[in-house]
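Peer 1: got a predicted model here, sequence first, then my questions.
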Amino acid sequence: MKTLYTAEALATGAGRDGHGRTSDGRLDLDLAIPTEMGGSGDGTNPEQLFAVGYAACYHSALQAVARQTKADVRDSSVGSRVHIGPNDAGGFQLAVELEVTLPHLDHESAQQLADQAHQVCPYSNATRGNIDVTVTVVED
């Protein structure tokens, strides 16, 4: 793979109850286990960071595909939910739901565009076959 960009970050402290910072300092935040998992909830958590990253990356892929097909993606948005839960091997697993809003396209055209974006999004390619990812087109 020809690398175009590398993001670098460091986590310190107690992992999920610690601190995270990117090498350029643009992201610098406290981490905390969510209250739903028995933590304080006094910071962000890896699932929230993954949810923002996936939504932004997928939205960018959606816009790139739209440029190629000349689809109208004005006012589009992508929402994400990242779920975490126990797996059968004593660890944890993730699942993702992406909700795509394309108010200027009919449902069928929107779904086709969403499916195409799912094939080119780097996050989708990284997770494919590893975790469940559901892409749903929702009405505005």
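Peer 2: Yes, it's here. Numbering: from 1, shown residues only.
Peer 1: okay, CA-based contacts and neighbour counts for the rest of this
Peer 2: Noted.
Peer 1: what residues sit buried inside the helix ranked longest in the chain?
Peer 2: Using DSSP state H, we find that the single longest helix of the chain is helix 46-69. Residues of helix 46-69 classed as buried by neighbour count (16 or more other CA atoms under 10 Å): 47, 50-52, 54-63, 65-66.
Peer 1: show the subsequent helix or strand relative to that helix.
Peer 2: Heading C-terminal from helix 46-69, the first helix or strand you meet, by DSSP states H and E, is strand 77-86.
Peer 1: and the nearest residue to Pro86 once chain neighbours are set aside, how many neighbours?
Peer 2: Nearest residue to Pro86 in three dimensions, chain neighbours excluded: Phe92, at 4.2 Å (CA to CA, 6 or more residues apart in numbering). A count of nearby residues for Phe92, using other CA atoms under 10 Å, gives 10.
Peer 1: then Ser40?
Peer 2: Neighbours of Ser40 using other CA under 10 Å come to 13.
Peer 1: and Leu98, by the same measure?
Peer 2: Leu98: 23 surrounding residues under other CA under 10 Å.
Peer 1: can you give the distance of stretch 82-102 from its chain's centre?
Peer 2: Using CA atoms, centre = their mean, to the nearest Å, the distance from the centre of stretch 82-102 to the centre of the chain it belongs to is 11 Å.
Peer 1: kindly provide the whole-number mean pLDDT of that stretch.
Peer 2: Stretch 82-102 shows a mean pLDDT of 97.
Peer 1: hang on, the earlier thing: now do the longest helix of the chain against strand 77-86, angle only.
Peer 2: Helix 46-69 runs at 140 degrees relative to strand 77-86, counting by axes from the mean of the first three to the mean of the last three CA atoms, to 10 degrees.
Peer 1: mind checking how far helix 46-69 is from the chain centre?
Peer 2: With CA atoms, centre = their mean, you get 7 Å for helix 46-69.
Peer 1: now that helix: mean pLDDT?
Peer 2: Rounded mean pLDDT across helix 46-69 is 98.
Peer 1: same thing with stretch 16-31?
Peer 2: 97.
Peer 1: distance from it to the middle of the chain?
Peer 2: In this view, stretch 16-31 has its centroid 18 Å away from the chain centroid, taken as CA atoms, centre = their mean.
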